[in-house]
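> Provide a 3D model corresponding to the input given below.
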Amino acid sequence: MGRLSRRAFALAALSTLTTASEAAATPWHPRRAAPEMRGVWLATVSNRDWPSKAGLTAAQQRAELIAHLDRAVADRLNAVIFQVRPTADALWPSPYEPWSQYLTGTQGKNPGWDPLGTAVAEAHRRGLQLHAWFNPYRIANHTDPAKLVASHPARRHPDWVVPYGGKLYYNPGLPQVRAFVENAILDAVHRYPVDAVHFDDYFYPYPVAGQTFDDDAAYDRYGGDYANRADWRRNNIDQLVLETAARIRQVRPGTRFGISPFGVWRNAATDPLGSDTRAGVQSYDDNFADTRKWVREGWIDYIVPQLYWNIGFAAADYAELVPWWAEQAQGSRTKLYLGEALYKAGDPAQPAAWRDPAELSRHLTLARGYKQARGHVFFAAREVASDPIGAMARVVADHYQKPATAPR
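Numbers count the residues shown, from 1 in each chain. Okay, the predicted model is just below:
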């Protein structure tokens, strides 16, 4: 199906559901009886969603966490993607990395309880899946290693660290870094029956104008077999994905592996295989993440492209990207879920479409026309709880009147 006809088909699907009353009168789509992802991201970096601030008591933290799980149940969601390694730290008693500062306000300080262990147990008690969300390479949202706890691996191995864009990162080009990151992640998989391991979109960092990610030494040492640095960087990320997937299967075979990348692989102007978009970032070229390959080769169990744009947005139209991603997932073992920008709903800084409470509901209506799209994940838990303009309530009313089982 050509790009114009794909988009026309997608938009035509919307004509059948324009109001909540019409949605209620529409027969339930037959495929919705199948397992359907209804997820929410629960972000902990910088205390975005949880805990509401650092330094709360263990009882207060636990109560806030339970409230997020209960809200997910009330909205008939079925999976919580819980960020447990936001900045090379841990929300469980890890032998590899320090306790997260976002719990107590002090990196390395024991919070007096086990957030990840509690989240797994309480989510499962409520019939929710718990996906453990790890950020592979980000060390800190500053560039001063002295601010890290003295025992931090980044201080013990300063040669692993690259400052860039006001932050510190582990260097993905070092095999010892890749092994360490995998070990830190697999420790949590070994300890807890998490339903999935989840990566977000931060592989190589997003470009910062006028700055260079300094991996010269690593490229000189390890990049000799590659035509250029970009191919070498993509291979580094490919190896992380392949090795993590294999090690998860070894440690806990029932646990899945999913990734949520930036929503544009490449623009068609860059690559005829790309989407009809004009995004300023392309994951293949800027994050060195060949997300399309991971799907088509079936390297991961699921993918959640962050389709954080409204229908009709010129540079990256949701109605263009859904069929493009569905086409990539066709025939692959990798399941496709769609990342939804609930956080934009009602934001006056966003395009006018986001001030319409029905925008997100229209996304789900459109995606219903593509059998490869097996559900949605909403960013993020704070907005699910507050729902400032009722966009999430509209999604629930229009699409989640009946419970659904999360895919396995």
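> who does the longest helix along the chain touch, helix- and strand-wise?
What stands out as the longest helix in the chain, according to DSSP state H, is helix 229-251. Contacts defined by 3 or more Cβ pairs under 8 Å, 6 or more residues apart in numbering; DSSP states H and E place helix 229-251 against helix 175-191, helix 216-222, strand 256-259. Quick note: C-beta positions are derived from backbone N, CA and C, even for glycine.
> For the next helix or strand after the shortest one, name the packing helices and strands.
Proceeding C-terminally, strand 256-259 gives way to helix 291-296 as the next helix or strand, assigned by DSSP states H and E. For helix 291-296, the helices and strands in contact under the criterion 3+ Cβ pairs under 8 Å, 6+ apart are strand 302-303, helix 318-329.
> how far does helix 291-296 sit from the chain's center?
A distance of 15 Å separates the C-alpha centroid of helix 291-296 from that of its chain, computed with Cα atoms, centre = their mean, to the nearest Å.
> cool, stretch 59-73 as well?
21 Å.
> Just grab the bridge partners of the residue lying closest to residue 85 once chain neighbours are set aside for me.
Counting by Cβ to Cβ, 6 or more residues apart in numbering, residue 85 lies nearest to residue 134, which is 4.3 Å off, once chain neighbours are set aside. When bridges are assigned using DSSP bridges, the partners listed for residue 134 are residue 85, residue 199.
> wouldn't residue 134 be in contact with residue 84 here?
Yes - Residue 134 lies in contact with residue 84 (Cβ atoms under 8 Å); the separation is 6.7 Å.
> if I look at those two, which residues touch both of them?
With contacts defined as Cβ atoms under 8 Å, 6 or more residues apart in numbering, the residues shared by residue 134 and residue 84 are residue 188.
> Secondary structure element holding residue 154?
helix 153-156.
> tell me the mean pLDDT over that helix?
Helix 153-156 shows a mean pLDDT of 98 in the predicted model.
> which other residues reach the helix or strand following that helix?
Going down the chain from helix 153-156, the next helix or strand is strand 161-164, by DSSP H and E. Under the contact criterion Cβ under 8 Å, 6+ apart, strand 161-164 has outside partners 139, 143, 145, 154, 168-171, 205, 208, 211, 213-215.
> ditto for stretch 165-179
88, 136-143, 145, 154, 157, 160-163, 180-181, 203-206, 208, 211, 213, 215, 218-219, 222-223, 232-233, 236-237, 239-240, 243, 288.
> Model confidence at residue 2, what's the number?
Reading off the confidence values, residue 2 has pLDDT 44.
> go on, residue 104?
Note for residue 104: predicted pLDDT of 98.
> give the contact list for the nearest residue to it once chain neighbours are set aside.
Nearest-residue entry for residue 104: residue 111, 5.3 Å, with adjacent residues in sequence omitted and distances by Cβ to Cβ, 6+ apart. With contacts taken as Cβ under 8 Å, 6+ apart, residue 111 has the following neighbours: 58, 61, 99, 103, 104.
> which ones are touching residue 305?
Under the criterion of Cβ under 8 Å, 6+ apart, the neighbours of residue 305 are 260, 261, 262, 263, 291, 321, 325, 336, 338, 339.
> a markdown table for those residues, including pLDDT, distance to residue 273 and neighbour count?
Converted to a markdown table, those look like this (pLDDT from 0 to 100; distance: Cβ to Cβ, whole Å; neighbours: other Cβ atoms under 10 Å):
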| residue | pLDDT | distance to residue 273 | neighbour count |
| --- | --- | --- | --- |
| 260 | 98 | 21 | 24 |
| 261 | 98 | 16 | 25 |
| 262 | 98 | 16 | 25 |
| 263 | 98 | 16 | 27 |
| 291 | 98 | 12 | 28 |
| 321 | 98 | 14 | 26 |
| 325 | 98 | 13 | 27 |
| 336 | 98 | 17 | 24 |
| 338 | 99 | 20 | 27 |
| 339 | 98 | 21 | 23 |
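> Could you single out the nearest of those residues to residue 40?
Compare each of those with residue 40 using Cβ to Cβ and the shortest gap goes to residue 339, at 10.9 Å.
> how about the nearest residue to that closest one, chain neighbours excluded?
For residue 339, the spatially nearest residue (Cβ to Cβ, 6+ apart) is residue 306, at 4.0 Å.
> Next: residue 333.
Residue 333 sits nearest to residue 298 (Cβ to Cβ, 6+ apart), 4.0 Å away.
> one step back: quick one: secondary structure of the residue nearest to residue 104?
Following DSSP: H, G, I helix; E, B strand; the rest coil, residue 111 is assigned to coil.
> Closest to residue 249 out of the contacts of residue 111?
Distance from residue 249 was checked for each of those by Cβ to Cβ. The minimum falls on residue 99, at 28.5 Å.
> hang on, the closest one packs against residue 108?
Yes - Residue 99 is within contact range of residue 108, at 5.6 Å (criterion: Cβ under 8 Å).
> Cool, thanks, signing off.
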